[in-house]
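1. Model the structure of this input:
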Amino acid sequence: MPKQTVPPVLLALIFASTAVGQDVLRFRFQTGDTWQYRVQQTTRVTQTIAGETSVFESSTELLKRWQVQEVNPDGSAWLQLTIPELKLTQKLPTGQNIVYDSNQPQHSHPALREQMEQFVGKPTVLLKVDARGQVMQAKPLLPVPISAYASEPPFGIVLPDGQLTAGQRWQRPFHIVLDPPLGTGQKFEAEHHYELRTLEDEQAEITFVTQLKNPPANLAEKIPLLQKLTRGVAVLDRTSGRVKLLRIQAGGTVEGHEGPDSKYEFLSEYLERWQK
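-> As a prediction, this is how the structure comes out:
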């Protein structure tokens, strides 16, 4: 009986499709899964007007929980966000420190406790996210603005189509919307510029930066945009199809917004780690 062989052309197609599959990065959602992340963020705002400088500082620690409600045939999924734990510390320009801790609410500042307990431990938003990490639809479950998810993807990055190679770059256009208290719904055209720094068997490292396409000429209008001007790095675990580390910096300086000696500076450091 003649020995059966696989035609060379078919072998080439098999190996080619395998290679493409290996180098296409995608988020992998499964119904019933829970994705949890520990978040730490520090913010510092410094403002100088007429020779007087004031400083506001805050630090935040929280647990972010995404529950995969439903997965669609195209790989997209409905994800529900809950913040079960939150600790917030603010240092006011007066020097006073105020704290909210969801694990010790009785010792928290009354105003912060009243504000935060509307959200802590309750489903906040329901997002439909595609396998590239891009928000397709958003449904608020509490009175929270949802336009930010267009500019700030839930896992920090949006992956490109097709096969990838180390050093590859791609862009994602979007609109920054300044909802209250930052603004009254103003929209600004922007782009995320991504670069695939490393591509290994177990993980991929992607850097990104936000660029404004139509920055406002008015100096005061630039101030609320500073916290939207982000740059950072995300590390995607290829085995699980999840971001396991996200580090973001945001900020900048505006000078002369309240006279020749005035200056406003915003700086934020954000770190998010996947918790198994």
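
2. Contacts only, for residue 232.
-> 156, 207-208, 246-249, 270 (Cβ atoms under 8 Å, 6 or more residues apart in numbering). C-beta coordinates here come from the backbone N, C-alpha and C atoms, glycine included.

3. host element of it?
-> strand 230-237 (DSSP states H and E).

4. And the contacts of residue 232, which of them are buried?
-> 156, 207-208, 246-248, 270 (16 or more other Cβ atoms under 10 Å).

5. Now for those residues: which two are most distant?
-> Comparing all pairs in the buried ones among the contacts of residue 232 by Cβ to Cβ, the longest separation belongs to 207 and 270, at 14.7 Å.

6. before we move on, the earlier item: would you put the C-alpha positions of the strand holding residue 232 in CSV?
-> Taking Å, rounded to 0.1, in the frame of the first residue of the first chain, the C-alpha atoms of strand 230-237 are listed here in CSV:
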residue,chain,number,x,y,z
THR,A,230,-0.9,59.8,28.3
ARG,A,231,2.1,57.7,27.5
GLY,A,232,2.9,54.3,28.9
VAL,A,233,3.5,50.6,28.4
ALA,A,234,1.4,47.5,28.5
VAL,A,235,2.6,43.9,28.8
LEU,A,236,0.2,41.3,27.3
ASP,A,237,0.3,37.7,28.5
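
7. what's the next secondary structure element after it?
-> The helix or strand immediately downstream of strand 230-237 is strand 242-255, counting by DSSP H and E.

8. Which helix or strand in the protein has the lowest average pLDDT?
-> Least confident helix or strand of the chain, by mean pLDDT, DSSP states H and E, is helix 8-22 with a mean of 40.

9. need the next SSE after the helix or strand residue 39 falls within, C-terminal direction.
-> Element membership for residue 39 (DSSP H and E) is strand 34-49. For strand 34-49, the following helix or strand on the C-terminal side (DSSP H and E) is strand 52-71.

10. Tell me what angle the following helix or strand past that next one forms with strand 34-49.
-> As assigned by DSSP H and E, the chain's next helix or strand after strand 52-71 is strand 77-91. For strand 77-91 against strand 34-49, the angle by axes from the mean of the first three to the mean of the last three Cα atoms, to 10 degrees is 40 degrees.
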